[in-house]
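Trainee: sharing a model that was predicted from the sequence below.
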Amino acid sequence: MSDHRGLVHALLAIAVAAALACSPPNGSPAAEAPATPKMPKHWRVTSDINFSATDIRPVSVQLGAKVGALRNTTYDINGKQLKLNTIVAATLGDADAIVAALGKIKPKEFFLRRGLIIYEFVGSDDTLPEIRKGRARLAKQ
């Protein structure tokens, strides 16, 4: 990964982490992100956060597009942690921009677009087989 892509990825991770650190969520509520999709049975939800509009702003800035809703779900998969960000773009153009931004910082197998909704997986290299399973499952829903 180039230094530029690594920096962008790090900044996006910091923005999401900063938004997650706000508990309870600050500001006015954002539109509710869709419910966490059904994933394989051995994926156990350990946290599920729907971001407020205020907490979404830094993520929108980092992605270069307006995010209308954002949910972060953390799973425990046989002792390994995997996160799924459910990003709802404000418009189709914003969805295009979000996919383009994600494509610059991670392989395409780590995210999936379904209309205005972009699912982004965040995990370590040892979770890649589970990410592939989760992505395949989302593609069929």
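Mentor: Looks like it came in fine. Not measured: the values here are computed from a predicted model.

Trainee: strands of the chain, residue ranges please.
Mentor: 43-50, 67-77, 80-89, 111-114, 117-123 (DSSP state E).

Trainee: which residue sits closest to the residue positioned nearest the centre of the chain, ignoring its sequence neighbours?
Mentor: What sits nearest the mean C-alpha location of the chain, by CA atoms, centre = their mean, is N85, with 2.2 Å. Nearest residue to N85, sequence neighbours excluded (CB to CB, 6 or more residues apart in numbering): E120, at 4.2 Å. Yep, even glycine has a C-beta here, placed from its N, CA and C like the rest.

Trainee: just R137 next, same as before
Mentor: M39 (6.2 Å).

Trainee: report pLDDT for the one you found.
Mentor: With respect to pLDDT, M39 has a value of 94.

Trainee: same thing with A17?
Mentor: Looking at A17, the pLDDT reads 44.

Trainee: ok, now which ones touch T73?
Mentor: Contact analysis of T73 by CB atoms under 8 Å, 6 or more residues apart in numbering lists 36, 45, 47-49, 83-86.

Trainee: if you rank the residues you listed by neighbours, which is first?
Mentor: Counting neighbours by other CB atoms under 10 Å, L84 leads those with 24 neighbours.

Trainee: contacts only, for that one.
Mentor: 36-37, 39, 72-73, 75, 119-122, 134.

Trainee: next one: it from H42, what distance?
Mentor: Distance, L84 to H42, using CB to CB, to the nearest Å: 15 Å.

Trainee: got it, and T127?
Mentor: For T127, the distance to H42 - CB to CB - is 13 Å.
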